[in-house]
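> Generate coordinates for the sequence data below:
(2 chains)
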Amino acid sequence: MTELLFFVEVVVAGLLAGTMYSLVALGFVLIYKASSTFNFAQGAMVFFAVLAFVGFMELGLPFFLAFIVTILLMGLVGFCTERLVLKPLMNQSEDTLLMATIGLGFVLEGLAQAAWGVEVRRLDLGIGDFPIQWIIDTFGLFVSALDLTAGLVAASLILGLSILFKYTKMGLGLRAVADDPGAASSIGIPLNNIMLLVWTAAGVVALVAGMMWGARAGVQFALVDLALKALPVLIIGGFSSIPGAIVGGLIIGATEKVLEVYIGPYFGGAIEGWAPYVLAIFFLLYRPEGLFGEKIIRRV
Amino acid sequence: MEYTKNDLINFLLLMIISLLIIPITVKSGYWYSSILIPWLCLALASIGQQIVMGYAGQLALGAAGFMAAGAFACYNLILRVPDIPFFVALALSGLIAAAFGILFGLPSLRVRGIYLMVATLASQFFIVWMIDKFGWFKNYDSSGIITAQDIVIMGKSFTSPLEMYLVIVFVVTVLTLLAINMARGSTGRNWMAVRDMDIAAESMGISLLRTKLQAFAISAFYCGVAGALFAFTYLKSLEPVAFDIKLSFKILFMVILGGLGTISGAFIGAAFILLFPVLLNSIGNNVFHGAIDATIISSIEQVVFGVLIIIFMIYEPLGMAKLWDNIRLKFKKK
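Numbers count the residues shown, from 1 in each chain, chains lettered A, B, ... in the order given. Have a look, this model is predicted:
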């Protein structure tokens, strides 16, 4: 019984940690949906956003003001990216765009470190990374408060974004642009505004993801490497699906925790570092478009 | 394609410079051990990356993983096989890396672009983890940093910077000539056909399986040899951390900035990525007299690399090699 309970605990911890991967992946999906660009810089955006946020807090800005200012800053980053990087590269091959966003990622990482330094910052959200007493009493499970918050925040973000896309005029425009940018702009949908909105939304998601990671592991450069794990998440979930990003994150989170706890000790541990990628390879062999992605059709 | 007289002259010129002029004029060990040796090693790894990415068009990001495989294979071969000649060990470590290349190249048969990139990231993380976790690879050394053995060829040990440099020049020359020949021959033609349109290539009778895996294997071979040389002559030690994802990115940048699909691009890109930080540091020290923090300088370096990649992608996707060609053509016309 205790073994089963332990297993459940491991899975729950994995699932909740997985929501953090989902958050990074979510920003990626947003941009991919709107502009068919693999934004490799999403991980760097997470780092940039949360470092900016902590930086503004250190300047003495209150929590909410810092949050708003950071979002504005991310909007600016999105605007510049759209104008200076993506516009000139319109209609280029996917690989070219991908390489350009790798460059963008380096720019953002470098700028963030130049502006706010390289030392590890602590970020206190007022939510501890310790088990919640109430859940221990009722179910006998150890569940971290921070993990649970991350899960709830991720859920509400997804709900919000889904509503935004489904029921607002802006969202309708966005779906039109995603479908066919040329047709959308010819009927008068403001392409620029839509792109700005998407990049800002991706910036907000990056900030939230960064805050969650930062509260756990400190705001530091290692966040960029953690964010790389959003890539296998996307492969499992599919690049163009919001639910896919969530489910992919949960699968990766749970699997890597279970593997680490039950199989890791036989190999000296730390298999978390590569397990998600190998898992992604297996998914690629059987279902390259991911669980929820649209079937990849290549026309010759 | 046949070699012209010009090619021969260029080759002889390069050989005279690297084997006569440099050894005679450059006396300080710093130039060998901090500039020339790492440059040639990384250029060799870039040729590997160039083969898989620039020629075969497969977006791979894991060169450092194969370099680690090569470096540790070389260490173990010299350690465990008595009297193994250095060049045999070097070639075998390249082959071991190539085996990993084939293994991790398998996903390329199904996927491309960023999907492939993620799959190849697995090789990066897995190989480094494997070396780190299984003590056998490190000969159960607990310190984590192992001193590389001396390079001994025909009973003579090559330990001074100049001697090591000569060994590397030899290896790099042989492998570069080989790469140029492969790129010009049917092997390279097949790679480029697959890169430009795989379906068309397939319908012309080129086996995708063979061509892609061949590119991965040869690429990993070059990276493996480069990794072994890098560890034995530049780092002079073996530690898995030296071959982290940052190195893979560096090699990727060398290829992108240097120019995709050219061998010379690998050398130009490696020189730039290696020398630019040196230049930036010396500007920081000499112009601003250390007033700028070292971390800021390294951040600026990152920003500049990123901006350059974006600029090259927009204005000259074929990189510095193409830029150089353009300049040369302009002067020729006059």
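> nearest spatial neighbour of the residue sitting nearest the centre point of chain B, skipping sequence neighbours?
In chain B, the C-alpha nearest the mean C-alpha coordinate belongs to B:Ala45, at 1.2 Å (Cα atoms, centre = their mean). Using Cβ to Cβ, 6 or more residues apart in numbering or on different chains and skipping the chain neighbours, the partner closest in space to B:Ala45 is B:Ala226 (3.8 Å). Any C-beta I mention is one placed from the backbone N, CA and C, and that applies to glycine too.
> in chain A, which spans are helices?
Secondary structure of chain A, counting by DSSP state H: helices at A:2-35, A:42-58, A:63-80, A:94-116, A:133-139, A:145-167, A:169-179, A:181-186, A:191-217, A:222-228, A:230-237, A:242-262, A:275-286.
> Would you tell me which one of these is buried the most?
Highest mean neighbour count of these: helix A:230-237, a mean of 30 (counted as mean count of other Cβ atoms under 10 Å in any protein chain shown).
> so it versus helix A:191-217, what angle?
Helix A:230-237 and helix A:191-217 are oriented at 110 degrees to each other (axes from the mean of the first three to the mean of the last three Cα atoms, to 10 degrees).
> how big is the angle separating helix A:230-237 from helix A:242-262?
Helix A:230-237 and helix A:242-262 are oriented at 110 degrees to each other (the same axes, to 10 degrees).
> how far does helix A:230-237 sit from the chain's center?
Averaging C-alpha positions (Cα atoms, centre = their mean, to the nearest Å) puts helix A:230-237 10 Å from its chain's average.
> What angle do helix A:275-286 and that helix make with each other?
30 degrees.
> Can you show me the CA trace of helix A:230-237 as CSV?
C-alpha atoms of helix A:230-237 as CSV (Å, rounded to 0.1, in the frame of the first residue of the first chain):
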residue,chain,number,x,y,z
ALA,A,230,10.0,22.0,-23.8
LEU,A,231,11.1,20.7,-27.2
PRO,A,232,10.5,17.1,-26.5
VAL,A,233,7.2,18.2,-24.9
LEU,A,234,6.2,19.8,-28.2
ILE,A,235,7.2,16.7,-30.2
ILE,A,236,5.0,14.6,-28.1
GLY,A,237,2.1,17.0,-28.0
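> and stretch B:102-121, what's its mean pLDDT?
Mean pLDDT, computed over stretch B:102-121, is 86.
> any low-confidence regions in the stretch 151-300 of chain A?
For the stretch 151-300 of chain A, applying pLDDT under 70 flags the ranges A:296-300.
> Show me what from it comes close to chain B.
Contact residues, the stretch 151-300 of chain A versus chain B (Cβ under 8 Å from any Cβ of the partner chain): A:225, A:228, A:231-232, A:234-235, A:239, A:267-271, A:273-274, A:277-278, A:280-281, A:284-285, A:288, A:298, A:300.
> List phi and psi for B:Gly62.
phi -170, psi 30 (degrees, to the nearest 10).
> Just to check, it is in contact with B:Ser123?
Yes. The criterion here is Cβ atoms under 8 Å, and B:Gly62 meets it with B:Ser123 at 4.2 Å.
> picking that back up, doesn't B:Gly65 make contact with the residue nearest to the centre of chain B?
No. Under the criterion of Cβ under 8 Å, B:Ala45 is not in contact with B:Gly65, lying 11.2 Å apart.
> all helices of the stretch 151-300 of chain B, in order?
Listed in chain order, the helices of the stretch 151-300 of chain B (DSSP state H, counting those that start in this stretch) span B:161-184, B:186-196, B:198-203, B:208-229, B:245-258, B:263-286, B:294-315.
> Turn those into CSV, columns for mean neighbour count.
CSV is the format used below for those (neighbours: other Cβ atoms under 10 Å in any protein chain shown):
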stretch, mean neighbour count
helix B:161-184, 18
helix B:186-196, 18
helix B:198-203, 15
helix B:208-229, 26
helix B:245-258, 24
helix B:263-286, 18
helix B:294-315, 19
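> Now distance to A:Gly103 and mean pLDDT too, for those, in a markdown table please.
Output for those, formatted as a markdown table (distance: least, Cβ to Cβ, whole Å; pLDDT from 0 to 100):
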| stretch | distance to A:Gly103 | mean pLDDT |
| --- | --- | --- |
| helix B:161-184 | 26 | 92 |
| helix B:186-196 | 21 | 93 |
| helix B:198-203 | 26 | 90 |
| helix B:208-229 | 22 | 95 |
| helix B:245-258 | 8 | 93 |
| helix B:263-286 | 13 | 89 |
| helix B:294-315 | 3 | 89 |
